[in-house]
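Trainee: structure for the following, please:
(chains A and B)
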Protein chains: 2
Amino acid sequence: MKFKVSKASLNRGINIAIKAVPSHSTMAIMSCMLVKAEENSLELTGNDLEIGIMTTIDAEVTEPGIVALDAKMFQSIISKMPSGDILVSVDDNYVTTIKSGKARFSICGQNPEMFTGLPEIETENPFLISGDTLREMIQGTLFSVATNETSKVMTGELFQIKDDNLRIVALDGHRLALREVNTLSGHPDMKVVVPAKSMNEISKIINPASNEDVYIYSSDNHLVLKIEDTIITTRLIDGEYFDVNRVINANCTTQVTVDKNALIECIERAGLFVKAGDKKPIILDVRDNEIEFSINSPTGAMAESLDVYKHGEDLHVGFNPHLLADAIKATPDSTVKLSFAGVKSPCYIKDEDMNYFYMVLPVNI
Amino acid sequence: MKFKVSKASLNRGINIAIKAVPSHSTMAIMSCMLVKAEENSLELTGNDLEIGIMTTIDAEVTEPGIVALDAKMFQSIISKMPSGDILVSVDDNYVTTIKSGKARFSICGQNPEMFTGLPEIETENPFLISGDTLREMIQGTLFSVATNETSKVMTGELFQIKDDNLRIVALDGHRLALREVNTLSGHPDMKVVVPAKSMNEISKIINPASNEDVYIYSSDNHLVLKIEDTIITTRLIDGEYFDVNRVINANCTTQVTVDKNALIECIERAGLFVKAGDKKPIILDVRDNEIEFSINSPTGAMAESLDVYKHGEDLHVGFNPHLLADAIKATPDSTVKLSFAGVKSPCYIKDEDMNYFYMVLPVNI
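Mentor: This next block holds a predicted model:
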């Protein structure tokens, strides 16, 4: 096996595929990246059995072949190489020589047959969505995924296609985040739950500079995404996801329209007195033309009022300031509308067209 | 106590004084910053009993006074405040109210008499040095200070004035770093050892943009530095420091001149196979017009040759690549000269005028 490749593109390819290589593993082969050279291209594959990533880069292949290399070592060698072309050759015992300029490395590769490749999944009838849109939908919801494992299904995101709408939902028992977009794809309805880690890697692999579509295929146990030269295969989480429709149509009696940045800064000031995991709420007093935010804690007190446009009833309600700030930050607009369905009501943050919907449960005061 | 101050300058002042506030302490008063308002200025003081920092900023003081405030809480409140003027008032029970725009905070301060202030030290006969020079001397040596505490004196830096020369030295049993500068100050000779943490804070407080001189005063147990509006008081470490003159005049038989960046990159490539704390050396084969660097480890092998100008004997010697790279990186020139005094000799890196001197001990091969 023998190939020549530019340092820049090999570096880029390794940094994509390594996202699926587990950072700690007791088995040496699990820490490996599969490197496969065939005519004019190089395939780099990482696989931690939950998510698998394969990316293809251009290369001058003189002798096709395949080897498994320790991913971290391969990454650090290539990143430290002088820029320019890199020559790689692998002998029958998988001893791999990496050369560039006057520098020559040799490392021991492993038998590629030991490596668990990506599952073969039929790729027909893709669902198409713009990469930018998908990335924004993931980033706008992922922070609400449950981090503890008491309910396995809540550690993933709902990925649902219904009547050409793609809906992504995350929730953790205190809050819910939802993004929805219409797609005209004509794809049959589907409803799966994707692990949060996979969603995170997907959003990071989508190149913000490119306008390419993402192709999405599904099977019973996997979702497959094709993003430019990269194929991501992720396992799905079994289980019934929370029925979101139960909460999105509440009858709101108070509505407040307010400048997003001023609101975030004000809530963050109140949040100074609330440590993570603390149950101390920030109190909102919604009155005509203003909300007063206040908090009293053993460390200190804070009060601040904010000019708003209010419609409906006055209100006195308490929230965890960090959860509220997270949801408001995730909205794409410069003005946000907070809605409430009376006392002890959650705070709903949504736009007219339901492109986004955030819900934060109240805290008893 | 009552004063008005701009957010920007209060923020800057807090960020300087807080460097001397211990991040964890069982006593609440130890986590405090002393805030003292007197005519037209505000004094902010942090003190962890090893290093004390007092900085002065302009303020409109309506009512002089003094209070001790939890430093972290004070810092986060001020940093989250809207920009503009901040009004602070303190009542007789040390309850402190902080106002800006429509935001109002109140926190409980503490009795300032509980706070340990900076020791009073006679400030006469200062030693003057340009801030830029002092910062560069500290940054060029500090990485060599011993991190374990087996020898207390090695956890500090030697700060020595002799015949108008200032010399700063750090060493850890494997390497030595020395910087020296002539100052024309006419200051009497002195020789003290300053804790590494203090030296680090001093180098960070010196503003890189300003050309101001630093005023240095010494007493039996303390060194005091005046850097613009900030006074730093640090304890000294007792004990006899290693006699540096024993090693700086070795009789070198091999001298190599080489491009600094190419050398660092090459050593860093070899260092990929050497984990921190590992005893595996990188081998240098010094021959006419080239050095060959090579390393053989269980994880892999590397070899690379570098063009050099050599004077003197051939050499075959081994070093820890991380220590060697650290020393070379710390030199200010674009070309470095490595010198050796035969086999099993340290590597010496120095300039003609002895403005800098680095020594790295060899590893048995």
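
Trainee: and A:Thr183, how many residues sit next to it?
Mentor: Counted with other Cβ atoms under 10 Å in any protein chain shown, the neighbours of A:Thr183 add up to 16. Where C-beta positions appear, they are placed from N, C-alpha and C, glycine not excepted.

Trainee: chain B versus that one, what's the distance?
Mentor: A:Thr183 sits 40 Å away from chain B, going by Cβ to the nearest Cβ, to the nearest Å.

Trainee: go on, A:Thr233?
Mentor: Counting by Cβ to the nearest Cβ, the separation of A:Thr233 from chain B is 30 Å.

Trainee: can you get me a residue count around the nearest residue to that residue once chain neighbours are set aside?
Mentor: Of all residues not flanking A:Thr233 in the chain, A:Gly52 sits nearest, at 4.4 Å (Cβ to Cβ, 6 or more residues apart in numbering or on different chains). Neighbourhood size, A:Gly52 [other Cβ under 10 Å]: 25.

Trainee: which strand residues bridge A:Gly52?
Mentor: Beta-bridge partners recorded for A:Gly52 (DSSP bridges): A:Asn47, A:Thr233.

Trainee: show me what contacts it?
Mentor: Contact analysis of A:Gly52 by Cβ atoms under 8 Å, 6 or more residues apart in numbering or on different chains lists A:Ala20, A:Thr45, A:Gly46, A:Gly117, A:Leu118, A:Pro119, A:Ile232, A:Thr233, A:Thr234.

Trainee: as JSON lines, these with pLDDT would be great.
Mentor: Output for those, formatted as JSON lines (pLDDT from 0 to 100):
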{"residue": "A:Ala20", "pLDDT": "97"}
{"residue": "A:Thr45", "pLDDT": "98"}
{"residue": "A:Gly46", "pLDDT": "97"}
{"residue": "A:Gly117", "pLDDT": "92"}
{"residue": "A:Leu118", "pLDDT": "92"}
{"residue": "A:Pro119", "pLDDT": "90"}
{"residue": "A:Ile232", "pLDDT": "97"}
{"residue": "A:Thr233", "pLDDT": "97"}
{"residue": "A:Thr234", "pLDDT": "97"}
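
Trainee: nearest to chain B, of these?
Mentor: Among the contacts of A:Gly52, A:Gly46 lies closest to chain B (Cβ to the nearest Cβ), at 19.2 Å.

Trainee: touching, that closest one and A:Val21? I think so.
Mentor: Yes. A:Gly46 lies in contact with A:Val21 (Cβ atoms under 8 Å); the separation is 4.0 Å.

Trainee: could you tell me which residues touch both of the two?
Mentor: Common neighbours of A:Gly46 and A:Val21 (Cβ under 8 Å, 6+ apart) are A:Met33, A:Ala71.

Trainee: other residues contacting the helix or strand bottoming out on mean pLDDT in chain A?
Mentor: Lowest on mean pLDDT, DSSP states H and E among the helices and strands of chain A sits helix A:245-248, with a mean of 89. Outside helix A:245-248, the residues that touch it by Cβ under 8 Å, 6+ apart are A:Leu176, A:Leu178, A:Pro346, A:Lys350, A:Met354, A:Phe357, A:Met359.

Trainee: about what we covered before: per-residue pLDDT, the residue nearest to A:Thr233?
Mentor: Turning to A:Gly52, the model gives it a pLDDT of 97.

Trainee: how much space between it and chain B?
Mentor: Distance of A:Gly52 to chain B, given as Cβ to the nearest Cβ: 25 Å.

Trainee: pLDDT wise, what is A:Pro208 at?
Mentor: 86.

Trainee: one more: A:Ala276?
Mentor: A:Ala276 carries a pLDDT value of 67.

Trainee: near chain B too, which of the contacts of helix A:245-248?
Mentor: When Cβ under 8 Å from any Cβ of the partner chain is applied, no member of the contacts of helix A:245-248 is adjacent to chain B.

Trainee: can I get those residues in TSV including pLDDT and neighbour count?
Mentor: Shown next, in TSV, are those (pLDDT from 0 to 100; neighbours: other Cβ atoms under 10 Å in any protein chain shown):
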residue	pLDDT	neighbour count
A:Leu176	97	23
A:Leu178	98	24
A:Pro346	96	20
A:Lys350	95	19
A:Met354	90	14
A:Phe357	97	21
A:Met359	97	22
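
Trainee: quick one: which of those residues sit in strands?
Mentor: Among these, DSSP state E puts A:Leu176, A:Leu178, A:Lys350, A:Phe357, A:Met359 in strands.

Trainee: please check the contacts of A:Gly52 and keep the buried ones.
Mentor: A:Ala20, A:Thr45, A:Gly46, A:Leu118, A:Ile232, A:Thr233, A:Thr234 (16 or more other Cβ atoms under 10 Å in any protein chain shown).

Trainee: between those, which sits nearest B:Ile66?
Mentor: Among the buried ones among the contacts of A:Gly52, A:Ala20 lies closest to B:Ile66 (Cβ to Cβ), at 58.4 Å.

Trainee: look up how far B:Ala17 lies from that closest one.
Mentor: 47 Å (Cβ to Cβ, to the nearest Å).

Trainee: give me the neighbour count for the residue of the stretch 251-365 of chain A found nearest chain B.
Mentor: Using Cβ to the nearest Cβ, the closest approach of the stretch 251-365 of chain A to chain B is made by A:Gly300 at 3.6 Å. Residues within reach of A:Gly300, counting by other Cβ under 10 Å, total 20.

Trainee: how about it: what's its closest non-neighbour residue?
Mentor: That would be B:Ile107: by Cβ to Cβ, 6+ apart, it lies 3.6 Å from A:Gly300.

Trainee: what helix or strand is the one you found located in?
Mentor: Using DSSP states H and E, B:Ile107 falls within strand B:103-108.

Trainee: re the thing from before, now for the ones in strands among the contacts of helix A:245-248: which two are most distant?
Mentor: Across these, no pair lies farther apart than A:Leu176 and A:Lys350, at 11.0 Å, counting by Cβ to Cβ.
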